[in-house]
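S.K.: Curious how this folds, go ahead:
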Amino acid sequence: CALCGTTATLRSSHYLAAAFFRRMHGEDEGKVIHPISMDARRAIYSCSQPQTKLLCDDCEHRFKVQGEDWVIKCTCQKDGHFPLRDLLLRNTPVGQIGPTPSGRRAYIYTGNGVPAIRHPEIIYFAASVFWRGWAFDWSRVSDHSQIDLPQGLGIQFKDFLLEKTEFPSSVVLHVEVALNPTFRRGNIGIIFPDKITPRIPLPDSTKPVGYFFQVFGLTFSLYFDFGKTAGMKAKVTSIAESPHPILLTDVRMSEAKACCDTLESTTKRMGRLAHLSSRSS
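M.R.: As a prediction, this is how the structure comes out:
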């Protein structure tokens, strides 16, 4: 097992939980519609779920009960119900960031201030995904690359997931809850872990300043070097530190929508998706 080191029969471990993929499947006249997978090269109907023999039964269960179960339930559902967002809207934020010149703003809540926010599960889930991205070269089974963490951080995440240490203090983990969790035409979806693009270009662009991923209205951003190289100027508090801040905002979703729009206008539609596109044009 890549996590606990036990010699055991390994499970086929998903990069992101299979429940997220099931949520993206649609239905039309009794027929299952697969989700659209899209990158810079192509857009295609696909039910492919990146997975590999990685964890033993005990560690799969550990990930499930200590993070995945609660996050899966609190994210945006197929019917539009979004439990975590609705929980925040029923409470009073402790602060606000913005509005910026473009009108963007973020409302700040805390795990300490809203006891129903189970921030330990949120933190554990995020750490489990970033660790999986580092522990295996996912390009061997998918279009996704292996995560390049700073030296020693992957082991620190491993020890945290095994409950041997606290969450690494050398990084900042941001969690944003979207007011509007859809991409286009009401679609919900996921973005696999990818490099954070600094708002100010850096001289050395080969080293990532951090990684982010999105699952149904939740954005998890992991910044190295306390976010300084990513352009953060003010003091930044990680959700892993008291009072465990969490943001309600559409900033990252707006960026994701813009990226999605760009991809849809340039990527090549393939397979049945290309056939349907030609019929509708």
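S.K.: can you pull out the strands in the stretch 101-250 of the chain?
M.R.: Shown for the stretch 101-250 of the chain, the strands assigned by DSSP state E, counting those that start in this stretch span residues 106-110, 172-177, 190-195, 210-215, 218-223, 245-249.
S.K.: on contacts alone, who are the packing partners of the second one?
M.R.: Here strand 172-177 is seen to pack against helix 83-89, helix 119-135, strand 218-223, strand 245-249 when contacts are counted using 3 or more C-beta pairs under 8 Å, 6 or more residues apart in numbering; DSSP states H and E. Backbone N, C-alpha and C define where each C-beta goes, glycine included.
S.K.: low-confidence ranges in the chain?
M.R.: 24-48, 184-186, 199-206, 226-236, 256-281 (pLDDT under 70).
S.K.: re earlier: could I get the helices and strands packed on strand 172-177 in JSON lines, plus columns for distance to L10 and mean neighbour count?
M.R.: Shown next, in JSON lines, are the helices and strands packed on strand 172-177 (distance: least, C-beta to C-beta, whole Å; neighbours: other C-beta atoms under 10 Å):
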{"stretch": "helix 83-89", "distance to L10": "32", "mean neighbour count": "17"}
{"stretch": "helix 119-135", "distance to L10": "13", "mean neighbour count": "23"}
{"stretch": "strand 218-223", "distance to L10": "26", "mean neighbour count": "24"}
{"stretch": "strand 245-249", "distance to L10": "34", "mean neighbour count": "22"}
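S.K.: Could I get these in CSV, plus columns for distance to N112?
M.R.: Shown next, in CSV, are the helices and strands packed on strand 172-177 (distance: least, C-beta to C-beta, whole Å):
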stretch, distance to N112
helix 83-89, 14
helix 119-135, 9
strand 218-223, 19
strand 245-249, 9
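S.K.: Can you say which of these is nearest to A8?
M.R.: Among those, the nearest to A8 by C-beta to C-beta is helix 119-135 (16.1 Å).
S.K.: sorry, back to before: of all the strands of the stretch 101-250 of the chain, which one is nearest H144?
M.R.: Among these, the nearest to H144 by C-beta to C-beta is strand 190-195 (4.9 Å).
S.K.: Parallel or antiparallel, list what pairs with that closest one.
M.R.: Within its sheet, and counting by DSSP bridges, strand 190-195 is paired with strand 210-215 (antiparallel).
S.K.: out of the strands of the stretch 101-250 of the chain, nearest to D143?
M.R.: strand 190-195 (8.6 Å).
S.K.: Just the angle for that closest one relative to strand 218-223, thanks.
M.R.: In terms of direction (axes from the mean of the first three to the mean of the last three C-alpha atoms, to 10 degrees), strand 190-195 departs from strand 218-223 by 10 degrees.
S.K.: between strand 190-195 and helix 119-135, how big is the angle?
M.R.: 60 degrees.
S.K.: Just give me how far strand 190-195 sits from the chain centre.
M.R.: Strand 190-195 has its C-alpha centroid displaced from the chain centroid by 6 Å (C-alpha atoms, centre = their mean, to the nearest Å).
S.K.: Give me the contacts around that strand.
M.R.: Contacts with strand 190-195, where a contact means C-beta atoms under 8 Å, 6 or more residues apart in numbering, come from 15-16, 20, 24, 50, 129-130, 133, 144, 147, 208-216, 256.
S.K.: repeat that for 7 Å
M.R.: 15-16, 20, 129-130, 133, 144, 147, 208, 211-216, 256 (C-beta atoms under 7 Å, 6 or more residues apart in numbering).
S.K.: Ok, stretch 171-180 next?
M.R.: Here stretch 171-180 has contacts from 84-85, 88, 122-123, 126, 153, 217-224, 226-227, 236, 238-240, 246-253, using C-beta under 7 Å, 6+ apart.
S.K.: Need the distance between the two termini of that stretch.
M.R.: End-to-end distance for stretch 171-180: 28 Å, by C-alpha to C-alpha, to the nearest Å.
S.K.: Next: stretch 163-180.
M.R.: Start-to-end, stretch 163-180 (C-alpha to C-alpha) is 34 Å.
S.K.: any chance you could map the helices in the stretch 151-281 of the chain?
M.R.: Remark: helices assigned in the stretch 151-281 of the chain by DSSP state H, counting those that start in this stretch are 153-161, 251-266, 271-280.
S.K.: circling back to that earlier point, do you know which of the helices and strands packed on strand 172-177 lies nearest S170?
M.R.: The nearest among the helices and strands packed on strand 172-177, by C-beta to C-beta, is strand 218-223 at 10.2 Å.
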